[in-house]
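*Asks:* Attaching a predicted model along with its sequence, questions to come.
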Amino acid sequence: ETEMQLIRRVVGSIGLRTDYHNLSAQAVVDPRASLRYDFSPGSNVRVSWGIYHQFPAPVQFNPESGNPALKAQSSQHLIVALEHSNDLLIVRLEAYYKAYSNLVLPSKTMYFANDGDGVSRGVDFFFKYGSFLQTPVNGWISYSYLHSTRLQARDELERYVYEKAPSPYDITHNLTIVAKGQVSLVSGGFTFRYATGRPTTPIVGAVFQPQGDYYQPVQGPMSSERMPDFVRLDATLSYYATFGTSNSAVFYFAVSNLLDRANPVLYEYSKDYSVRRLRTTDFRKSIYFGVAVSIGALGASI
């Protein structure tokens, strides 16, 4: 990889990565390039492009239950980013488009095949202000928007039906807000997290398999439903006190999952798949408090 000053305020970089994978007997070449324009020492816009490869898991090359002829999965990325930063502030906005090809899909004839493709597009935003002990308030906000589709295989027992659907990792909105403040010797803060529920594929039926005494599930449309949204709020409060010549104590109080929300984990089904139940987090709201004491005169802490 090399970087060069093309003209005033314009910096370019190019790079090349290559890998050889012995299981697939395939060599891949991944070129990368970017162009950056500097508005000022702390502000710039950047355009990046690159090709990336990822080889299937080793178990998928198994000749008994996989396909030794599998090749690398490929993606092409295009990213446009704006960034501004100084001693107390960081603002970054990125928009991206990614195209995928040769994705591994299950197959009834070869177990696995490089027949999948897909696209994803989205926006990432990051804002950070302040610094601990330098500003009375500090914190950061991150937000991401994602929309993706990819070819997926729906298992109908005797065959696979291939259909376009959101990726299993398609979290449309993902927001985190962290804020902290300090007044004299008292400090506090909170962390708020929100995420759209991830896609899930419902089970619409089951076929009893007498030879194994079990039910084999029948899938509905791929990623046609979503889990409930994830929401969590945590809060903390602390007080710093000194005593003696070089001793101190920090009294702290915190509440985890302040809203006492039962956030989703996964869907569980009965043995015959006729009943579905939403499993949620085991831990709800919890309160904890304590004190940390430092005895500087003795060179030790408690």
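*Replies:* Cool, the structure landed. Numbering: from 1, shown residues only.
*Asks:* averaged over its residues, what pLDDT does stretch 172-186 have?
*Replies:* The average pLDDT within stretch 172-186 is 94.
*Asks:* roughly how far out does that stretch sit from the chain middle?
*Replies:* The chain centre lies 20 Å from the centre of stretch 172-186; the measure is Cα atoms, centre = their mean, to the nearest Å.
*Asks:* Mind listing what's buried along it?
*Replies:* 172, 174-180, 182 (16 or more other Cβ atoms under 10 Å). In short, each C-beta sits where N, CA and C put it, glycine included.
*Asks:* just for this structure, where's the confidence low?
*Replies:* Residue ranges of the chain with pLDDT under 70: 297-302.
*Asks:* can you list the buried residues of stretch 172-186 in CSV and add secondary structure and distance to A72?
*Replies:* Converted to CSV, the buried residues of stretch 172-186 look like this (DSSP: H, G, I helix; E, B strand; the rest coil; distance: Cβ to Cβ, whole Å):
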residue, secondary structure, distance to A72
T172, coil, 29
N174, strand, 28
L175, strand, 34
T176, strand, 33
I177, strand, 39
V178, strand, 38
A179, strand, 44
K180, strand, 44
Q182, strand, 51
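*Asks:* what ranges do the strands span in the stretch 1-150 of the chain?
*Replies:* 2-7, 10-21, 26-40, 43-54, 73-85, 89-107, 111-129, 137-155 (DSSP state E, counting those that start in this stretch).
*Asks:* any chance of those strands in TSV, with distance to V186 too?
*Replies:* Listed next are the strands of the stretch 1-150 of the chain as TSV, based on distance: least, Cβ to Cβ, whole Å:
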stretch	distance to V186
strand 2-7	47
strand 10-21	46
strand 26-40	38
strand 43-54	36
strand 73-85	30
strand 89-107	25
strand 111-129	20
strand 137-155	13
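*Asks:* Closest one of the buried residues of stretch 172-186 to F55?
*Replies:* N174 (28.0 Å; Cβ to Cβ).
*Asks:* about what we covered before: between the buried residues of stretch 172-186, which is closest to T201?
*Replies:* T172 (16.9 Å).
*Asks:* Which residue is the nearest non-sequential neighbour of that closest one?
*Replies:* Excluding its sequence neighbours, the residue lying closest to T172 (Cβ to Cβ, 6 or more residues apart in numbering) is T196, at 4.2 Å.
*Asks:* May I have the phi/psi pair for the one you found?
*Replies:* Main-chain torsions, T196, degrees, to the nearest 10: phi -60, psi 140.
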